[in-house]
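S.K.: sharing a sequence plus its predicted fold:
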Amino acid sequence: MNFILIFGPQAVGKMTVGHELEKITELKLFHNHMTIDLVQPFFGFSAETWRLSSMFRHEIFEAVSRSDLPGLIFTYVWALDQQGDWDYVDKICNVFESKGAVVYFVELEADIEERLERNKSPHRLEHKPTKRNIKESEHHLRSTMEKYRLNSLEGEITKENYIKINNTHLSAEEVAKVIKEKFRL
């Protein structure tokens, strides 16, 4: 089994790349908004939303790790300057590694101008209802970028199966092909 963690800042293309990778591998995509958008209509963006989202994710990770599925692609906005996020990534990776799965880390980065354009893309808005208020979504994108470090520093990620891709000028299809070839998926 393979577990692929695609991480990077908002609107960098994690979900879109994940969809393309899903098309060319046997892996299923579980993008982070699948749980957020399930709970947010009930509780807004509250502590309860994050608690329930984390609980659902954990249960899905456990179920997939015990299943006959070939693996899972998961997307995540990783605040690399927050120890809690490092601990969370270790926890979810351990779910899969403890069952013998191979974990792959894919970091995406793109220029802010490109991310602001992607933030309004029909594909993103179709799959992420909480992003449909563009003004609010753009404000959140900018404020999160100012508050947290959402891309790694040179040499910070020391995992064996790791790739960092600047996808500012690459299509999601091109990025998915790079990932598939790099990790022989």
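M.R.: Thanks, I have the structure now.
S.K.: for the protein, what spans make up the helices?
M.R.: In the chain, the segments counted as helices under DSSP state H are 14-24, 33-43, 47-65, 83-97, 112-118, 122-127, 134-147, 172-183.
S.K.: mind listing what's buried along the fifth one?
M.R.: This means helix 112-118. By neighbour count on 16 or more other CB atoms under 10 Å, the buried set for helix 112-118 is 114-115, 118. C-beta coordinates here come from the backbone N, C-alpha and C atoms, glycine included.
S.K.: out of the helices of the chain, which is closest to F3?
M.R.: For the helices of the chain, the distance to F3 is smallest for helix 83-97, at 4.0 Å, taking CB to CB.
S.K.: what angle do that closest one and helix 47-65 make?
M.R.: 20 degrees (axes from the mean of the first three to the mean of the last three CA atoms, to 10 degrees).
S.K.: what packs against helix 83-97?
M.R.: Helices and strands touching helix 83-97, by 3 or more CB pairs under 8 Å, 6 or more residues apart in numbering; DSSP states H and E, are strand 2-7, helix 47-65, strand 71-76, strand 102-109.
S.K.: got a list of what the residue nearest to T35 when sequence neighbours are not counted touches?
M.R.: Among residues not flanking T35 along the chain, S53 sits closest, at 4.1 Å (CB to CB, 6 or more residues apart in numbering). Contacts for S53 were tallied using CB atoms under 8 Å, 6 or more residues apart in numbering; they are 35-36, 38-39.
S.K.: now with 7 Å?
M.R.: Residues counted as contacts of S53 (CB atoms under 7 Å, 6 or more residues apart in numbering) are 35-36, 39.
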